[in-house]
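Visitor: what would the 3D arrangement of this be:
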Amino acid sequence: MSIDRETFDQSSEAELKGLSTADRVLAFLATNADKAFKAREIARQTECDEGAVGTALTRLKQRELVEHKGSYWAITTDRDRLENHDGYARATALFNDHFGTEDREAWRAAAPDEPHPSVSEDTE
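Guide: Below you'll find the model as predicted:
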């Protein structure tokens with residue numbers, strides 16, 4: 001999976017090892033900004049779990065960082081919004097350093113057993 005040069009330049013080695021699913025999805029879509037993809041293809045290309053990709057896409061859509069039409073997803077064309085997101089990621093890292101990170105196992109335990117609605121056999 002590739003990342004954009006700005007992320008490469010501004011991230012430490014430890015941060016790059018731990019990119020979240022949402023960051024990986026956003027980086028993939030940014031790298032392929034001239035295309036739209038189904039969630040299953042994004043999962044395959046980013047080597048992420050399909051359910052995690054579906055959840056990430058929904059959250060990214062809520063933040064207006066991706067667009068959704070039919071069963072396809074694409075990165076937003078709003079460059080200002082994307083630039084603001086980068087600042088949000090850095091701020092989150094600072095808060096994590098100060099307050100500690102969230103418990104991933106607690107998130108996994110609370111995750112639904114069923115796949116996200118955007119992930120289904122008939123949407124591919």
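Visitor: can you tell me the centre-most residue of this structure?
Guide: Centre of the chain computed as the mean C-alpha position; nearest residue by CA atoms, centre = their mean is Ala22, 1.6 Å away.
Visitor: so that one belongs to a helix, correct?
Guide: Yes: using DSSP: H, G, I helix; E, B strand; the rest coil, the assignment for Ala22 is a helix.
Visitor: let me see the contact set for the closest residue to it other than its chain neighbours.
Guide: Once flanking residues are discounted, Ala22 sits nearest to Ala56: 4.1 Å by CB to CB, 6 or more residues apart in numbering. Yep, even glycine has a C-beta here, placed from its N, CA and C like the rest. Applying CB atoms under 8 Å, 6 or more residues apart in numbering, we find Ala56 in contact with Ser20, Thr21, Ala22, Val25, Cys48.
Visitor: could you redo the last one with a cut-off of 10 Å?
Guide: 20-26, 39, 42-43, 46, 48-49, 66, 116 (CB atoms under 10 Å, 6 or more residues apart in numbering).
Visitor: how close does it sit to Arg81?
Guide: Ala56 is 16 Å from Arg81, where distance means CB to CB, to the nearest Å.
Visitor: repeat that for Ala22.
Guide: Taken as CB to CB, the span from Ala22 to Arg81 is 14 Å.
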